[in-house]
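> This is a predicted model, with the sequence first.
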Amino acid sequence: MSLVYLLGTNTISEHLKAKPNIQVIENIERFHAQIAIAAFVVYELVRGVELLPDSSKRLKIKDYLESVLLMFPILPYTETAANWQGQTAARLQLLGKTPPFVDT
């Protein structure tokens, strides 16, 4: 089966919410084999964990992050991706919609 879905940080983090959206969780489980995450999502997740103070919450999130990194393929940031991102960011900026770098 081929990869179809590229999940963002918010979707990957759904499991960690106080009241996770059950439909999102079920879809992640249902389409597991077709899901990948981008290297930038890994960056955002790792950065978020590292900014937390030492606590049981941090350990829980770190454990979850480690399981996610084993669960889904991680797509690298390539030259092709950089070119696409640059073109897309410029197009959006000209439309008055400048997304943060990672979210482009």
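That came through, no problem.

> What does residue 37 show for phi and psi?
For residue 37, the backbone dihedrals (degrees, to the nearest 10) come out as phi -130, psi 150.

> which ones are touching it?
6, 7, 12, 68, 72, 73, 74, 75 (CB atoms under 8 Å, 6 or more residues apart in numbering). Placement of C-beta: from N, CA and C, glycine included.

> ok, residues contacting stretch 5-15?
Counting contacts by CB under 8 Å, 6+ apart, the residues outside stretch 5-15 that touch it are 20-21, 24-25, 28, 31, 34-38, 41, 44-45, 64, 68, 72, 75, 103.

> can we see that at 10 Å?
Residues from elsewhere that reach stretch 5-15 (CB atoms under 10 Å, 6 or more residues apart in numbering): 17, 20-25, 27-28, 31-32, 34-38, 40-45, 47-48, 61, 64-65, 67-68, 71-72, 75, 102-103.

> for it, which positions count as buried?
7, 9, 11, 12, 13, 14 (16 or more other CB atoms under 10 Å).

> Could you list which of these belong to helices?
The helices in this structure, assigned by DSSP state H, contain 9, 11, 12 from those.

> so which strand or helix has the closest residue to residue 99 other than its chain neighbours?
Excluding its sequence neighbours, the residue lying closest to residue 99 (CB to CB, 6 or more residues apart in numbering) is residue 92, at 6.1 Å. Taking DSSP states H and E as the definition, one finds residue 92 inside helix 79-94.

> Show me what that helix is packed against.
With contacts defined as 3 or more CB pairs under 10 Å, 6 or more residues apart in numbering; DSSP states H and E, the secondary structure elements packing on helix 79-94 are helix 39-51.

> Can you mark which positions in the helix it packs on are buried?
Counting neighbours by 16+ other CB under 10 Å, the buried set in helix 39-51 is 40, 41, 42, 44, 45, 49.

> Which of those residues sits closest to residue 81?
Using CB to CB, residue 40 is the member of those that sits closest to residue 81, with 9.3 Å.
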